[in-house]
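[1] Show me how the following folds:
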Amino acid sequence: MEIKDRTIALLIDSDNVSSDYFSIILDELSQYGKVTYRRLYGDFTNSKANGWKQALLEYSIEQIQQVAFTTGKNATDSKMIIDAMDILYKDKVDCFCLATSDSDFTNLAMRFRNDNLVVIGAGEKKTPTSFRRACDIFIPIDELLKANGKAQSGAAKKSPQKASAGKKSAPSVQLKNCDQLISYAKQIICDGADSEGWMHFSAFMNEVRRKENDFNPKLYGFSNSRPIQFFKSLSKNGKHVFQLEKHDRTDKIKIN
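    Next up, the predicted model:
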């Protein structure tokens, strides 16, 4: 299944996702399709949710107020799940992005996948494996925030003499090693290529994401999230590892 040109419903659990991550989520989703629903769920009488005020105005997010009727029960989760099912039955989207680090949404993600909808999760590193694996794609929002900070810090790097005395350094992020990626990417192409060694890039990426559903070029030190340019630029021992070309307006990849 090619994951692009989708109509996406973005549902955000404000109890588990900070407004700091919203621009990252929106940027990542832009490569998969158009976000038609932007809904934020939470109890906005709680000071914890106040950080979303600016983002609500800037990005035209629909705010769904949900007061906790009972102490210890998560009313936000229930309302978000009910709304998600309502959207599903309206049949106006073919992709859901569930922005949460809560495993309570695992069954909902599995339900959508059973209906052949694409499910994108967006959460922090602490997100349980059960929810991660229930998604076709997982956006590791805290790791991407750190990667963005590192890239911006590198672009504006000053000499030690000119650096401000009390200024915080960019948050650290452990970049992934490309060697393992190159190894299994080559195997995917060997298994799926035609007689001339070419493989449809969309089919290739589907297999990459089955292997690593939180795959993102930024986590390998690349400047943006677009996979085509990333795989085109990968090199080893001074030689490009892969060749990418358009054949009949279709992107294809082969091993060099």
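[2] Okay, helices next: where are they in this protein?
    22-29, 53-58, 75-90, 106-114, 129-134, 141-155, 178-192, 201-211, 227-233 (DSSP state H).
[3] so Asp102 sits right up against Asn16, yeah?
    Yes. With contact defined as Cβ atoms under 8 Å, Asp102 reaches Asn16; the gap is 5.2 Å. Heads up, the C-betas are built off the backbone N, CA and C, glycines and all.
[4] Overlap in contacts, these two.
    Gly123 (Cβ atoms under 8 Å, 6 or more residues apart in numbering).
[5] Now Val135. Its backbone dihedrals?
    If you look again at residue 135, you'll see it is Cys, not Val. Here is the backbone geometry of Cys135 (degrees, to the nearest 10): phi -100, psi 150.
[6] Quick check, pLDDT for the residue lying closest to it once chain neighbours are set aside.
    Among residues not flanking Cys135 along the chain, Gly121 sits closest, at 3.7 Å (Cβ to Cβ, 6 or more residues apart in numbering). On pLDDT, Gly121 comes in at 97.
[7] cool, and Trp52?
    On the pLDDT scale, Trp52 gets 86.
[8] so Leu244 touches Lys252, yeah?
    Yes. When contacts are counted by Cβ under 8 Å, Leu244 is listed as touching Lys252 (7.1 Å).
[9] okay, and the common contacts of these two?
    Phe201.
[10] Looking at those two now, which is surrounded by more residues?
    The neighbour count for Leu244 versus Lys252, taken as other Cβ atoms under 10 Å, is higher for Lys252 (21 against 18).
[11] who touches the more buried one in this structure?
    By Cβ under 8 Å, 6+ apart, the contact set of Lys252 is Trp198, Met199, His200, Phe201, Leu244, Glu245, Lys246.
[12] Can you flag the buried ones in the residues you listed?
    The neighbour-count test (16 or more other Cβ atoms under 10 Å) marks Trp198, Met199, His200, Phe201, Leu244 as buried among those.
[13] re the thing from before, and the furthest pair within the contacts of Lys252?
    Pairwise distances among the contacts of Lys252 were taken by Cβ to Cβ; the largest, 13.6 Å, belongs to Met199 and Lys246.
[14] and which of the contacts of Lys252 is nearest Thr45?
    Distances from Thr45 to the contacts of Lys252, taken by Cβ to Cβ, are shortest for Phe201, at 47.9 Å.
[15] So that closest one sits against Glu245, correct?
    No. With contact defined as Cβ under 8 Å, Phe201 does not count as touching Glu245 (9.7 Å).
[16] what is in contact with the two at once?
    Common neighbours of Phe201 and Glu245, using Cβ under 8 Å, 6+ apart, are Asp251, Lys252.
[17] I'd assumed Asn148 was in contact with Asn224.
    No. Between Asn224 and Asn148 there is no contact under Cβ under 8 Å: 10.2 Å.
[18] Those two: which is more packed in?
    When Asn224 and Asn148 are compared for neighbours, Asn148 comes out ahead with 18 against 13, by other Cβ under 10 Å.
[19] wait, what's in contact with that one?
    The neighbours of Asn148, taking Cβ under 8 Å, 6+ apart as the test, are Ile24, Lys218.
[20] if I look at it, how far off is Glu207?
    Distance, Asn148 to Glu207, by Cβ to Cβ, to the nearest Å: 27 Å.
[21] In CSV, could you pull the C-alpha coordinates for the longest strand along the chain?
    Assignment by DSSP state E gives strand 33-42 as the longest strand of the chain. Listed next in CSV are the C-alpha coordinates belonging to strand 33-42 (Å, rounded to 0.1, in the frame of the first residue of the first chain):
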residue,chain,number,x,y,z
GLY,A,33,-1.2,13.6,2.5
LYS,A,34,-3.6,16.4,3.5
VAL,A,35,-4.7,16.8,7.2
THR,A,36,-8.4,17.5,7.0
TYR,A,37,-9.2,17.0,10.7
ARG,A,38,-7.1,18.7,13.4
ARG,A,39,-8.5,17.9,16.8
LEU,A,40,-7.0,18.4,20.3
TYR,A,41,-8.6,16.6,23.2
GLY,A,42,-8.2,17.4,26.9
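[22] Lovely, talk soon.
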